[in-house]
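Undergrad: Just the structure for this:
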Amino acid sequence: MVNKQFEDKKIKLVVIGDDLNKSEISSLDNRLSDYQLGDYKLQFQQLSKGNYLSVNAFKKYVDQEKSSTTQTTTSSSDKNLLKLKSQITKEYPDIVEKVYIGQLVEKNKSDKALILVRLKDDTPDNQTTVKKFVKTSADKLNIDYSLHFTKE
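TA: Residues are numbered from 1 along each chain as shown. Okay, the predicted model is just below:
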């Protein structure tokens, strides 16, 4: 799950992975009463086919969230993600072309940041340099992350 929202007796979930079929959704809907959420309905937005998310799909989702009129709050973890993104781009302006960063909520309830980096020159040395910097910076900010390099 990438994101969740609660409004108007609806729970909106944004997910990555295999498509949920009607019986799986129905089963999840039926289990809401077990959590005192029987008045709520689930709504899903599937961001990907299978377990992989393309950069374009991720960008489209982020753009949708930015333009959304729903009220959002900036938590300390969100601030730390923005800080990490800024640190990466400022530290390596000659290596890093673009950084995409977002928060994933995994099945085991732990939050994990997804970091996508597009390098100007995608070489193993540049990847290693950025990996080391991200690890050090993320550790200081107490961010659990998954780092990926993209050519898109």
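Undergrad: quick one, strands of the protein?
TA: According to DSSP state E, the chain carries its strands in the segments 3-7, 10-15, 41-46, 96-105, 111-119, 145-149.
Undergrad: The chain: helices as residue ranges?
TA: For the chain, helices defined by DSSP state H occupy the ranges 22-31, 55-67, 76-91, 124-140.
Undergrad: Lowest mean pLDDT across the ones you listed, which one is that?
TA: Of all the helices of the chain, the segment with the smallest mean pLDDT is helix 55-67, scoring a mean of 65.
Undergrad: For R118, find the nearest of the helices of the chain.
TA: Each of the helices of the chain was scored for nearness to R118 using CB to CB, and the closest is helix 55-67 (7.8 Å). No exception for glycine: its C-beta is placed from N, CA and C like everyone else's.
Undergrad: Can you get me a residue count around I101?
TA: The number of residues packed near I101 is 21, by other CB atoms under 10 Å.
Undergrad: Assess the claim that it and V134 are in contact.
TA: No - applying CB atoms under 8 Å, one finds I101 not in contact with V134, separated by 10.2 Å.
Undergrad: shared neighbours of those two, anything?
TA: Between them, I101 and V134 share the neighbouring residues 84, 115, with contact defined by CB atoms under 8 Å, 6 or more residues apart in numbering.
Undergrad: Apart from its neighbours in sequence, what residue is nearest K120?
TA: Distances taken as CB to CB, 6 or more residues apart in numbering put E97 closest to K120, at 4.7 Å, once the chain neighbours are dropped.
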